[in-house]
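Chemist: Have a look at this prediction, sequence included:
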Amino acid sequence: MGSSPFTATIPPPGSLPLDRIRDHVCRFFRETAPLAAGEKLVVAFSGGLDSTALLLCASRLFPLTAPLTAAHLDHGLDAGSAGRAASAAAVAARLGVPFVAERRPVPALRQPGESLEAAARRVRYGFLEEVRRQTGARWVATAHHQDDQAETVLLRLLYGSGLAGLAGIRAVHGRIVRPLLEVPRAVLREAVEAAELPWSEDPGNADLAVPRCLVRHRLLPALEREPSHLARLAGKALRATTALDRRLADLLHVHTLDDGVAVDRAVLLALPAELLPFALAALHRRAGAPYPAARAAREELLRQLGTGGDRLACDCGGGWRWEARAGLLVLRGPRISEKPPRFTYTLVIPGVLEIPEIGVRVGLHHRPVEPWMFQSSPHRAGLALPLAAGDRVTVRNRRPGDRLHPLGAAGSRRLKEVLIDRRVPREHRDRLPLFCVGERIAWVPGITIDQRFRITGEAAAWVAEVETR
């Protein structure tokens, strides 16, 4: 991946609304979801106030560095939807952004048992992913903002969500990025009004029968609190969830298998009952499942575990399934059929970056040596790297001829042979993010580190981490 166009060109902090938005967006695409010069970006553009502010900001930032496409989906939910599509096209033309639009009548596309709101969301994100693939864009940016985050936290409180749910909207989810999550809606409005741009109001946003609309128009104003308070709660919940996942992973000693992840049943059941739901949700995230198991599935799993029998089978939804194998509890995912494209990213250390091709975030930070660094871990490793802050490492998937010296082995081996010996299935081999120093592979997550980069008495080490998004 090339250097970010926002490293040197980020503007000084501004006082005007558009400057404030621009500061957030620059920092986001420099630090959270890196966007290299020349990489393309799709903006989800409904023509409403929020997406108009995002497109306005993006059109001022990216015309020379990241080619834009505004993508508009007409859901066909009301008689005015075609008019809003025409208005959105006019705004995009005024901003000089290529515009792609399509009409897909959501009511006719609903699946059995699916709410209209859920169907609209599914169809919309499906359309956006199609546009991203057609344009070759790296990211799809949506205009979710600080008020949306506050509404989400309130909704999940009302529905009795757990800690992970209170983390709210994620800034990066797969190929979807949300650069405005720290920006209040009032600032977006000021920027759009200052630019004298029109926007459209979707009548569905005023329907109080929709829970989110009820929270937006009745509950949130009644609290008389800034959305930033609830947004900060989401941030704290996210940090707590991440820390808890890491601690549970260390306690459970998660095994990476050819078709999922596994833990020792006895170790899992030794946890306090209060931690079991967190442990199961953490294993889902570790395996790459988009959502944890529903409460009914979790209760059925715990019931089967409590019987002490050797046989166990429990569907979790979405093709995911719990099974028992030789004393292990296995979370097996749907078979991966699509081979990811080749990817190569440059990571300036210390730092983190997203790898959307395989849906993970990777990081490298300098920390004191700890006992866990001398034990195998599927998601992190302590490495003695001859590097300093500001240096660069490469993170990529495998290439023909790759070799390394596995920890404890007599000498160098072909990576392909190592993966075969470790029984890594063919469809998973190209999904491993390899940490490389120069031309040398330093760490293959969940498999081995290179003997040359083992810790041999250093007081501090570079900690490489992989987190499934």
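Modeler: Nice, thanks for sending it over. Numbers count the residues shown, from 1 in each chain.
Chemist: Poorly predicted segments of the stretch 201-350 of the chain, please.
Modeler: For the stretch 201-350 of the chain, residues meeting the criterion pLDDT under 70 lie at 203-220, 222-227, 258-259, 290, 318, 335-338.
Chemist: ranges for the helices of the stretch 101-250 of the chain?
Modeler: 106-109, 116-135, 146-158, 163-166, 185-194, 211-214, 220-223, 227-252 (DSSP state H, counting those that start in this stretch).
Chemist: Pick the most buried one from the ones you listed.
Modeler: helix 146-158 (a mean of 21; mean count of other C-beta atoms under 10 Å). In short, each C-beta sits where N, CA and C put it, glycine included.
Chemist: what is the closest residue in space to residue 352 that isn't next to it in sequence paired to in the beta sheet?
Modeler: Spatially, and ignoring its direct neighbours in sequence, residue 352 is nearest to residue 363 (3.8 Å; C-beta to C-beta, 6 or more residues apart in numbering). Residue 363 has these beta-bridge partners by DSSP bridges: residue 352, residue 465.
Chemist: OK, contacts around residue 363?
Modeler: Taking C-beta atoms under 8 Å, 6 or more residues apart in numbering, we find residue 363 in contact with 347, 350-353, 464-465, 467.
Chemist: what's the closest of the helices of the stretch 101-250 of the chain to residue 18?
Modeler: helix 185-194 (4.4 Å; C-beta to C-beta).
Chemist: what residues does that closest one touch?
Modeler: For helix 185-194, the external contacting residues (C-beta under 8 Å, 6+ apart) are 16-18, 20-21, 49-50, 52-54, 56-57, 143, 145-148, 180, 199, 227.
Chemist: picking up where we left off before, of all the helices of the stretch 101-250 of the chain, which one comes closest to residue 94?
Modeler: helix 185-194 (12.3 Å).
Chemist: Can you give me the domain assignment for this protein?
Modeler: Domain assignment for the chain, taken from automatic domain parsing, gives 6-143+178-206, 257-332, 344-468.
Chemist: Could you tell me the least trusted of the ones you listed?
Modeler: For the domains of the chain, mean pLDDT drops lowest on domain 257-332, to a mean of 81.
Chemist: and that domain, how far apart are its ends?
Modeler: Domain 257-332 has an end-to-end distance of 9 Å (criterion: C-alpha to C-alpha, to the nearest Å).
Chemist: ok now that domain, how far from the chain's centre?
Modeler: With C-alpha atoms, centre = their mean, to the nearest Å as the basis, domain 257-332 stands 22 Å off its chain's centre.
Chemist: who does the spatially most central residue of the chain bridge with?
Modeler: Nearest to the geometric centre of the chain sits residue 173, at 2.9 Å (C-alpha atoms, centre = their mean). Going by DSSP bridges, residue 173 is paired in beta bridges with residue 176.
Chemist: still on that earlier bit, output the domains of the chain in a markdown table, with distance to residue 153 appended to each entry.
Modeler: Below are those laid out as a markdown table (distance: least, C-beta to C-beta, whole Å):
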| stretch | distance to residue 153 |
| --- | --- |
| domain 6-143+178-206 | 12 |
| domain 257-332 | 18 |
| domain 344-468 | 22 |
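Chemist: Quick one: closest of those domains to residue 243.
Modeler: domain 257-332 (10.9 Å).
Chemist: show me what contacts residue 415?
Modeler: Listed by C-beta under 8 Å, 6+ apart, the contact partners of residue 415 are 398, 402-404, 441, 444.
Chemist: Just flag the most distant two among those residues.
Modeler: 403 and 444 (11.5 Å).
Chemist: quick one, which of those two is more surrounded?
Modeler: Higher neighbour count among residue 403 and residue 444: residue 444, with 24 against 16, using other C-beta atoms under 10 Å.
Chemist: List the beta-bridge partners for the more buried one.
Modeler: Where residue 444 sits in a bridge, its partners, by DSSP bridges, are residue 448.
Chemist: how about it, what does it touch?
Modeler: 404, 415, 418-419, 432, 434.
Chemist: Which residue of this protein lies farthest from its centroid?
Modeler: Outermost residue of the chain (C-alpha atoms, centre = their mean): residue 410, 38.7 Å.
Chemist: SS state for that one?
Modeler: Following DSSP: H, G, I helix; E, B strand; the rest coil, residue 410 is assigned to coil.
Chemist: Ramachandran angles for it?
Modeler: The phi/psi pair for residue 410 (degrees, to the nearest 10) reads phi -70, psi -30.
Chemist: so what's residue 334 closest to, chain neighbours aside?
Modeler: Excluding the flanking residues, the one nearest residue 334 by C-beta to C-beta, 6+ apart is residue 319, at 3.3 Å.
Chemist: Quick check: that neighbour touching residue 289?
Modeler: No: using C-beta atoms under 8 Å, residue 319 is not in contact with residue 289; the gap is 9.2 Å.
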